[in-house]
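*Asks:* make a model of this:
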Amino acid sequence: MAQERALDLVGRLTMGQLVRINRATWDIEPWLAESWTRSTDGLQYTLKLRPNVTFSDGHPFTADDVVFSFEALYDEKTSSPISETVRVGGKPLRVDASGPLTVVVTFPSPFGPGLRLLDNVWILPKHRLAAALKQGTFARAWGLNTPPEELAGLGPFVLEKFEPGQRLSFVRNPHYWRTTADGKRLPSLDRVILEVVPEQDAETLRLQSGQSDLIATELRTSDYAPLKRLADAGQISLVDVGDGYDADSFWMNLKPGVFGGDPRASWIQKDELRRAISMAVDRELFLNTVYLGAGAPVFGPITAANKKWYASGVPHEAHDPAGARQLLASIGLVDRNGDGMLEDARNHPARFTLLTQKGRSDRERAVAVIRDQLKTIGLTVDVVMLDFLEVVKRIYSGNYEAIYLGAPATDVDPASNLDFWLSSGAQHFWNPSQKTPATEWERRIDDLMAKQIATTDDSTRRDLFDEIQRIFAEHQPAVYFAAPHVFVATSSRVTHITPSLIPPQVLWAADTIQVR
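*Replies:* Below you'll find the model as predicted:
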């Protein structure tokens with residue numbers, strides 16, 4: 001019912017999908033579907049489900065649960081934001097059961113990534129939720145007050161207890177279907193407890209003191225040195241995963257009319273402003289200050305770590321404060337009173353408020369760098385720190401001027417992140433869920449993405465996506481500065497982890513984790 005990092009983690013602990021994208025290799029793996037065949041036209045997939053699989057409450061898993069899950073996903077009363085990510089050309093997939101353990105998935109048109117799309121869809125228990133779907137209450141069927149024993153899933157763990165603002169406790173699912181190569185039942189762990197720790201400093205201290213076995217996301221670069229000393233002493237394990245796929249970004253609210261009669265409306269949504277901001281920020285300084293040099297400068301949402309899809313030929317804005325001032329002058333922002341700061345044609349100051357997440361020290365350092373660098377070209381930035389959920393609320397309500405935050409991808413293939421690239425997408429955050437494209441360049445990206453996903457030829461897909469990245473770089477609806485190098489830290493007793501470059505770095509493969 002939502003696309004949030006914490007909920008994705010809970011889903012990966014308690015739910016299952018037909019196919020899984022391996023977050024280490026990025027290959028698609030058989031999961032609840034043990035095999036499949038594709039029709040010659042590439043539109044239809046016949047999936048054979050694993051036999052003798054049951055939900056955590058012991059109820060058999062069949063093709064009816066798969067059909068039901070897609071019915072719930074696409075139901076208008078459900079209004080699931082995930083629904084937008086499981087469509088091709090804006091149309092839903094057709095999912096039919098041709099037998100108790102056979103499912104036929106028909107795509108409305110050719111789709112290059114094929115079944116990768118299904119990694120986003122948790123298979124839900126029809127026997128638990130069918131009545132809610134029929135009554136139009138599916139979206140509220142499982143809420144914060146639902147007793148854990150009423151939940152059922154196909155994942156390695158089940159929720160045992162939920163203490164709001166404190167912790168979620170999960171225990172081993174005795175009915176989980178996976179086994180080790182020598183036949184031992186998974187998961188290997190008996191229990192997983194997710195502690196709610198709002199501040200990263202406190203989270204790291206818990207790891208250092210042995211109160212926690214791992215942290216939910218990648219290690220902050222500022223924590224690397226002290227944790228490296230502990231790793232050298234054998235007290236923790238430290239894994240260097242590599243330069244990251246994801247980078248936080250800066251964006252302005254580009255929803256048409258949102259600034260109404262505000263005197264800044266003539267310039268605050270202009271491409272030139274965002275390009276000037278990109279030119280004004282010294283990315284090497286940003287990288288060194290925010291990530292202590294551990295990472296790489298970036299200029300768009302696809303980083304060089306994503307070797308298959310990164311467009312190396314896209315032009316990059318050089319650090320050029322003088323050029324940035326010229327761009328701002330072209331939209332009427334000049335220093336009219338000689339105080340070193342810019343004003344518009346009505347003599348109003350060139351000023352805006354930038355929101356970010358409170359308690360994330362890297363983001364707090366990042367907005368400080370942005371504020372200070374933009375001051376050198378005459379822009380005044382007021383920084384406000386808010387709780388993460390409040391920032392998300394502001395995004396979807398449109399009640400903000402500028403935000404610095406991250407939008408992590410779920411897959412390296414761009415077609416798996418259509419909700420970001422398409423103007424109609426819920427994660428198209430500078431102006432989400434547009435009924436029709438607000439700009440001509442967004443319409444062009446929509447058209448190119450439609451072509452990109454409609455072909456199975458990798459070379460053609462790459463060429464089309466290169467063009468999409470060029471358009472994005474030209475208009476910069478979101479400005480990117482640096483991607484951190486990813487380190488993963490765990491207590492020394494944790495073994496058999498498979499770290500990934502994207503969150504959740506370790507718990508995406510929780511069923512195979514062991515402890516000494």
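*Asks:* in this structure, which residue is most central in space?
*Replies:* Residue closest to the average C-alpha location in the chain (Cα atoms, centre = their mean): P408, at 2.7 Å.
*Asks:* quick one: that one from R394, how far?
*Replies:* Distance, P408 to R394, using Cβ to Cβ, to the nearest Å: 19 Å. Any C-beta I mention is one placed from the backbone N, CA and C, and that applies to glycine too.
*Asks:* kindly report the same for L101.
*Replies:* 46 Å.
*Asks:* would you double-check that D119 falls in a helix?
*Replies:* Yes - counting by DSSP: H, G, I helix; E, B strand; the rest coil, D119 falls inside a helix.
*Asks:* excluding its backbone neighbours, what's nearest it?
*Replies:* Setting aside the residues directly before and after it, D119 is nearest to I21 in space (Cβ to Cβ, 6 or more residues apart in numbering), at 4.5 Å.
*Asks:* count of residues packed around that neighbour?
*Replies:* 24 (other Cβ atoms under 10 Å).
*Asks:* that one bridge partners, please.
*Replies:* Under DSSP bridges, the beta-bridge partners of I21 are I28.
*Asks:* residues contacting it?
*Replies:* Neighbouring residues of I21 by Cβ atoms under 8 Å, 6 or more residues apart in numbering: 27-29, 116, 119, 410-411, 416.
*Asks:* closest one to G260 out of these, please.
*Replies:* G260 lies nearest to T410 out of the contacts of I21, by Cβ to Cβ, at 35.2 Å.
*Asks:* report pLDDT for that closest one.
*Replies:* If you check T410, the pLDDT there is 75.
*Asks:* now do I502
*Replies:* Looking at I502, its pLDDT reads 86.
*Asks:* my guess is it contacts P408. True?
*Replies:* Yes - I502 lies in contact with P408 (Cβ atoms under 8 Å); the separation is 5.7 Å.
*Asks:* find residues that contact each of the two.
*Replies:* Shared contacts of I502 and P408 (Cβ under 8 Å, 6+ apart): D246.
*Asks:* just the strands from the stretch 151-300 of the chain, written as ranges.
*Replies:* Per DSSP state E, counting those that start in this stretch, the stretch 151-300 of the chain carries strands over the ranges 157-163, 167-172, 191-195, 236-243, 249-252, 295-297.
*Asks:* which one of the ones you listed is the most hemmed in?
*Replies:* Comparing these by mean neighbour count (mean count of other Cβ atoms under 10 Å), strand 249-252 ranks first with a mean of 23.
*Asks:* and it, what does it pack onto?
*Replies:* For strand 249-252, the elements it packs on are helix 271-280, strand 402-405, strand 478-480, judged by 3 or more Cβ pairs under 8 Å, 6 or more residues apart in numbering; DSSP states H and E.
*Asks:* okay, the ones you listed in JSON lines with distance to D447 and mean neighbour count next?
*Replies:* Listed next are the helices and strands packed on strand 249-252 as JSON lines, based on distance: least, Cβ to Cβ, whole Å; neighbours: other Cβ atoms under 10 Å:
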{"stretch": "helix 271-280", "distance to D447": "20", "mean neighbour count": "22"}
{"stretch": "strand 402-405", "distance to D447": "27", "mean neighbour count": "23"}
{"stretch": "strand 478-480", "distance to D447": "20", "mean neighbour count": "23"}
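*Asks:* closest one to R167 among the ones you listed?
*Replies:* Among these, the nearest to R167 by Cβ to Cβ is strand 402-405 (25.0 Å).
*Asks:* can you name the element that comes right after that closest one?
*Replies:* helix 418-421 (DSSP states H and E).
*Asks:* after that next one comes which helix or strand?
*Replies:* Trace forward from helix 418-421 with DSSP H and E and the next one is helix 440-453.
*Asks:* now that next one: buried residues?
*Replies:* Using 16 or more other Cβ atoms under 10 Å as the test for burial, helix 440-453 gives 441-442, 445-446, 448-450, 452-453.
*Asks:* okay, the angle between it and helix 271-280?
*Replies:* Using axes from the mean of the first three to the mean of the last three Cα atoms, to 10 degrees, the inter-axis angle of helix 440-453 relative to helix 271-280 is 70 degrees.
*Asks:* other SSEs contacting helix 440-453?
*Replies:* helix 418-421, helix 458-475.
*Asks:* where in the chain is pLDDT low?
*Replies:* 1-3 (pLDDT under 70).
*Asks:* leaving out sequence neighbours, find the closest residue to M449.
*Replies:* Excluding the flanking residues, the one nearest M449 by Cβ to Cβ, 6+ apart is W421, at 5.2 Å.
*Asks:* does that neighbour touch P437 like I think?
*Replies:* No - W421 is beyond contact range of P437, at 11.8 Å (criterion: Cβ under 8 Å).
*Asks:* which segments of this protein make up each domain?
*Replies:* Domain segmentation of the chain under automatic domain parsing yields 5-140, 248-282+319-406, 410-480.
*Asks:* make a markdown table out of those domains and add distance to A152.
*Replies:* Putting those into a markdown table (distance: least, Cβ to Cβ, whole Å) gives the following:
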| stretch | distance to A152 |
| --- | --- |
| domain 5-140 | 4 |
| domain 248-282+319-406 | 27 |
| domain 410-480 | 24 |
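*Asks:* out of those domains, which gets nearest to L186?
*Replies:* Closest to L186 of the domains of the chain, according to Cβ to Cβ: domain 5-140, at 12.2 Å.
*Asks:* of the helices and strands packed on strand 249-252, which is nearest N337?
*Replies:* Of the helices and strands packed on strand 249-252, the one closest to N337 (Cβ to Cβ) turns out to be helix 271-280, at 20.0 Å.
*Asks:* show me the contact partners of that closest one.
*Replies:* With contact meaning Cβ under 8 Å, 6+ apart, helix 271-280 is reached by 250-252, 267, 299, 317-321, 323-325, 327-328, 330-331, 333, 370, 373-374, 376-377, 379, 474-477, 479.
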